[in-house]
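Asker: How does the following fold in three dimensions:
(2 chains)
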Amino acid sequence: MTTAPVPAPGHPPDAFLEVRDLRIHFPTDDGLVRSVDGLSFRLEKGRTLGIVGESGSGKSVTSLGIMGLHTVGQYGRRRARISGEIWLDGKELMSADPDEVRRLRGREMAMIFQDPLSAMHPYFTVGAQIVEAYRVHHDVDKKTARKRAVELLDRVGIPQPDQRADDYPHQFSGGMRQRAMIAMALVNNPELLIADEPTTALDVTVQAQILDLIRDLQQEFGSAVIIITHDLGVVAELADDILVMYGGRCVERGPAEQVFHRPQHPYTWGLLGSMPRIDREQTERLIPVKGSPPSLIDMPPGCAFSPRCPYADVPAGGITRTERPELALVPGTDGHHSACHMTHEERARIWTEEIAPKL
Amino acid sequence: MFAYIVRRLVAVIVMLLVVTLVTFGIFFAIPKLTGSDPALLYVGKQADPETIEGIRQKLELGDPVLVQFWHFVSGIVAGRDYTGGGTSVHCDVPCFGYSFRTEQDIWPVLQDRLPVTLSLAAGACVLWLLGGVITGVVSALKRGSLWDRAAMTVALGGVSLPIYFTGLLSLAVFSYGLGWLDGEYVDFAESPGEWFGGLILPWVTLAFLYAAMYARLTRATMLEILGEDYIRTARAKGLREPVVIGKHAMRSTMTPVLTILGMDLGALVGGAILTETTFNLPGLGQAAVKAIGDRDLPLILGVTLIAAAAVVLANLVVDLLYAVIDPRVRLS
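Answerer: You can find the predicted model right below:
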């Protein structure tokens, strides 16, 4: 993610993945759910982008949107309304033929899902599911594909991969299942790997192993990785860049170092304040972000975070409640953007005087 | 696996013995307790006491019920003789009883009737599985469409309309009205063509009722399965949609369908009474109705046994198939 000017719509970017003004809306009986509402970011190969936000902030919807999974299999439902551009390796996916996108799925872009038990078919062996993923995109016989599957299972650290390939998902432990899921995602050497909360369903000791594995594999394969999580610890571990989502929009993005050490948005402050830390006094309490996420059907006017923001009245004239802040470059930084009505000076003062000492 | 099957088969036999004992008890013990004489059922009102006494001896009505039961069960494997009143009747192996009403062994009657009922059940089953499952899947994939609404309305009708309505209607139209089919049952070995022609109306009528239920079940299951995470995974792999539906979704959808199928098929073998009566098919159901009307207790007992065996065996087959389909079901 860099500050390079966004090319005009319709022109291919120089980045490996570029998402431009992505909007994913779902018509429901209660109204239009604006799950993702004007999201733009870019990602180079070999880099990791962490997308952070609360439940319902549009993280997973974004990742499924990139994979094109909002447009297939929507039998008889009211279809999602999607607009914007998704450029992957010089190809625009939104206007591409659905079958062309299907051929990219699993091969050029692959996904690791949150809960590996429900994300694998209970009636097929782990090996068979990986073989299937390989044979969709490679015209090889079953034996070759199986060799490849066993090789991948071995690579992700499953002992006795040749035998375990014949086991069913329910015969694997949680951590092993997630490894198998990763093997399945990597079997075609995808250039873009999306991990949607890959460690949420695992216990803590296994979490670290899986994160290490994802990092190692990324270095080995040189792919671009998007890691979606609500856990800032995971992001701190892996991400080069961070994108903070709130109410279907990006409120802050930039290099991980800067977002962690000089966050520029009150919501990011809130996230950092609610993160447990081992080096903090136990007597101090975590500071939760007050209130609840906004309704995606009926967004607050102005800044979506304003109803929960302790600093909503800092900018004069109630502008936070009438006008939506645009994502703007933080002065003097390389690609650190924030969408907040407060001036840079105000934010810098609040961060150093009020927020940072409490963290 | 093999040990499991053997164990299940033993359980089936025990189950059948229990069913026999209970049925036997009802038919032979209760008249005894209430003081009515079963022997009177088998003779005319003006029968002389000697005839009645002869039948009573043949039926061994003086013996305890358990002894009677033992003679019945051993008769299945060894055959038995009914002796009394100076005459004797031999019942061949396997002896499932002797009807004093029709004066013949029960087993040949059952042997005669069973193929009719099996033909009816098997043919209808093929039809309703095809029709019901395909309709259900298409409805699920086109949820809310005109097709879906039309199919589900027809299915609701199918579930609500009794067989003696749809059966008589189809007979009136196709048999009496258009004269296409005369609906006479012919044995398959005799003429496969006529066998087919005679059964086509009952098949369609019976299948319509069941297809309606299966379409609704399949549709509901398919809709649920389509929301599963592993279906999303299948798509994320880049699989074609027909493979996602036909392989991944169908495999899971068939599990509940199979469960219901086992019970329905089993029940149908013993209880296609309405269909057989409506279409005048000489099957087990019709035999049961006639036996009840005639108070032909040995025949009722025989039919009950066959029906029970059908239900138990069908469930065994379903359980075995279950283990093949769902690896999480362990046979141990």
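Asker: CA atoms for contacts and neighbours, from now on please.
Answerer: Will do.
Asker: Going along the chain, name the strands of the chain.
Answerer: You didn't say which chain, so I picked chain A. Assigned by DSSP state E, chain A shows strands spanning A:17-28, A:31-43, A:48-52, A:81-88, A:91-92, A:109-112, A:192-196, A:224-229, A:241-246, A:249-255, A:328-329, A:337-338.
Asker: other chain: chain B
Answerer: B:80-84, B:87-91, B:98-99, B:104-105.
Asker: List the strands paired with the third one, with their directions.
Answerer: Taking DSSP bridges as the criterion, strand B:98-99 pairs within the sheet with strand B:104-105 (antiparallel).
Asker: What residues does the stretch 101-250 of chain B have near chain A?
Answerer: Proximity of the stretch 101-250 of chain B to chain A (Cα under 8 Å from any Cα of the partner chain) is limited to residues B:140-145, B:228-233, B:235-241, B:248.
Asker: Please pick the buried ones from those.
Answerer: B:140-143, B:229-233, B:235-241, B:248 (16 or more other Cα atoms under 10 Å in any protein chain shown).
Asker: what number of residues lie near the closest residue to B:A124 other than its chain neighbours?
Answerer: Spatial nearest neighbour of B:A124, chain neighbours left out: B:W203 (4.4 Å); criterion: Cα to Cα, 6 or more residues apart in numbering or on different chains. Neighbour count for B:W203, taken as other Cα atoms under 10 Å in any protein chain shown: 23.
Asker: Off-centre distance for stretch B:107-121?
Answerer: The chain centroid and the centroid of stretch B:107-121 are separated by 10 Å under Cα atoms, centre = their mean, to the nearest Å.
Asker: Sort out which residues of that stretch are buried, please.
Answerer: Buried, per 16+ other Cα under 10 Å, within stretch B:107-121: B:W107, B:V109, B:L110, B:R113, B:L114, B:P115, B:V116, B:T117, B:L118, B:S119, B:L120, B:A121.
Asker: How about residues contacting it?
Answerer: B:94-97, B:185, B:187, B:199, B:202-203, B:265, B:268-269, B:272, B:281-285, B:287, B:302-303 (Cα atoms under 8 Å, 6 or more residues apart in numbering or on different chains).
Asker: could you redo the last one with a cut-off of 6 Å?
Answerer: B:F96, B:G283, B:L284 (Cα atoms under 6 Å, 6 or more residues apart in numbering or on different chains).
Asker: So how do I select the buried members of the residues you listed in PyMOL?
Answerer: Of those, the buried ones can be selected in PyMOL as follows, counting by 16+ other Cα under 10 Å:
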select buried, chain B and resi 96+283+284
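Asker: Go through the contacts of stretch B:107-121 and flag which are in helices.
Answerer: The helices, defined by DSSP state H, take in B:L284 from these.
Asker: will you turn the contacts of stretch B:107-121 into JSON lines that also has pLDDT?
Answerer: Output for the contacts of stretch B:107-121, formatted as JSON lines (pLDDT from 0 to 100):
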{"residue": "B:F96", "pLDDT": "85"}
{"residue": "B:G283", "pLDDT": "89"}
{"residue": "B:L284", "pLDDT": "89"}
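Asker: As TSV, the contacts of stretch B:107-121 with distance to B:E53 would be great.
Answerer: Formatted as TSV, those follow (distance: Cα to Cα, whole Å):
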residue	distance to B:E53
B:F96	22
B:G283	34
B:L284	31
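Asker: what does the stretch 101-250 of chain A put close to chain B?
Answerer: Neighbours of chain B within the stretch 101-250 of chain A, by Cα under 6 Å from any Cα of the partner chain: A:R102, A:R103, A:R105, A:G106, A:S118, A:A119, A:M120, A:H121, A:Y123, A:A133.
Asker: hang on, the fourth one packs against B:K237?
Answerer: So the one you mean is A:G106. Yes: with contact defined as Cα atoms under 6 Å, A:G106 and B:K237 form a contacting pair (4.2 Å).
Asker: Kindly state the pLDDT recorded for the residue nearest to the spatial centre of chain B?
Answerer: Centroid-nearest residue in chain B: B:V269, 1.5 Å away (criterion: Cα atoms, centre = their mean). B:V269 is assigned 81 on the pLDDT scale.
Asker: quick one: it from A:A348, how far?
Answerer: 82 Å (Cα to Cα, to the nearest Å).
Asker: Please apply the same query to B:I134.
Answerer: Distance from B:I134 to A:A348, by Cα to Cα: 64 Å.
Asker: returning to that earlier point: ranking the strands of chain B by burial, who's on top?
Answerer: Of the strands of chain B, the one with the most neighbours on average (mean count of other Cα atoms under 10 Å in any protein chain shown) is strand B:98-99, at a mean of 22.
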